[in-house]
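Undergrad: sequence unknown, structure follows:
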Ligand code: ZN
Ligand code: FE
């Protein structure tokens, strides 16, 4: 989580059955940004309770469980999404692409193309508070299912996200961590970091607490989808001589059938 010196406050808002939306608030400027809008009511409730009004809505991808609340919540907020997906997103005030830098809540925010789950899925990275909104690309102990992109594209996206600073807070879109953990352990049972993390995940869930956001450094050590080029993981799945993208494709497929 961002430390006390962080220029912004981050609030995780559970929505629908297992989605997360995120609010970023800058007390100095009074601005508030929402990342993804699975449904309006729980987000509106947090805004009301805090006395915040949305200045921006950032959309990661076009699936209903990330955009359904936009129309009810926008009310003058600047709606930002991928130019490539403008035809299937709510009307955008700002269409962005890989490499664009925008200012959100007074924070420099970088746009990354992280296609794979969908084509046109983007992530938003705020380097100063060290937060990345990855939605259904990189997830806690997992990655999104490949609905539109190829395994090669998702592996490229994983490698891109892996270059962010290790302390980066990873805000992903769903509470899928327990099932991701069971899969990760099935293919990587000797991983001591993973064993420790699964204990934390299980106790958080038993206490009804979210396991999202997570920290990139922990994902690097324990998330199999970030480690398709790691000789130890290749060995664990019996693919020592296979190319990285082939290993990634195999573990993604094994997860689909898990
Ligand atoms: Zn999705
Ligand atoms: Fe989703």
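TA: Nice, I can see it. Owing to the predicted nature of the structure, the values given are computational and were not obtained by experimental measurement. Ligands and ions are numbered 1, 2, ... in the order given.

Undergrad: Not counting its neighbours along the chain, what's nearest residue 50?
TA: residue 25 (7.3 Å; Cβ to Cβ, 6 or more residues apart in numbering). Yep, even glycine has a C-beta here, placed from its N, CA and C like the rest.

Undergrad: What is the burial count for the residue of the stretch 1-150 of the chain found nearest ligand 1?
TA: Closest residue of the stretch 1-150 of the chain to ligand 1, Cβ to the ion: residue 63 (3.5 Å). By the criterion of other Cβ atoms under 10 Å, residue 63 has 20 neighbours.

Undergrad: got it, and residue 229?
TA: 16.

Undergrad: how far away is the nearest residue to it once chain neighbours are set aside from ligand 2?
TA: Nearest residue to residue 229, sequence neighbours excluded (Cβ to Cβ, 6+ apart): residue 244, at 4.0 Å. Using Cβ to the ion, to the nearest Å, one obtains 26 Å as the distance from residue 244 to ligand 2.

Undergrad: swap in residue 58?
TA: 15 Å.

Undergrad: May I have the residues that are in contact with that residue?
TA: 33, 34, 35, 36, 80, 81, 104, 124, 133 (Cβ atoms under 8 Å, 6 or more residues apart in numbering).

Undergrad: for residue 173, phi and psi?
TA: Torsion angles at residue 173 (phi, psi; degrees, to the nearest 10) stand at phi -90, psi -10.

Undergrad: residues in contact with it?
TA: Neighbours of residue 173 in contact, by Cβ under 8 Å, 6+ apart: 19, 20, 36, 60, 65, 66, 134, 135, 136, 139, 144.

Undergrad: how about a cut-off of 6 Å?
TA: 20, 135, 136 (Cβ atoms under 6 Å, 6 or more residues apart in numbering).

Undergrad: Tell me the bridge partners for the second one.
TA: For residue 135, the residues forming beta bridges with it (DSSP bridges) are residue 172.

Undergrad: Surely it and residue 62 touch.
TA: No: Residue 135 is not in contact with residue 62 according to Cβ atoms under 6 Å; the separation is 11.1 Å.

Undergrad: Three-state assignment for residue 112, please.
TA: Under DSSP: H, G, I helix; E, B strand; the rest coil, residue 112 falls in the strand class.

Undergrad: how far away is it from residue 125?
TA: 6 Å (Cβ to Cβ, to the nearest Å).

Undergrad: what's the answer for residue 145, then?
TA: Taken as Cβ to Cβ, the span from residue 145 to residue 125 is 23 Å.
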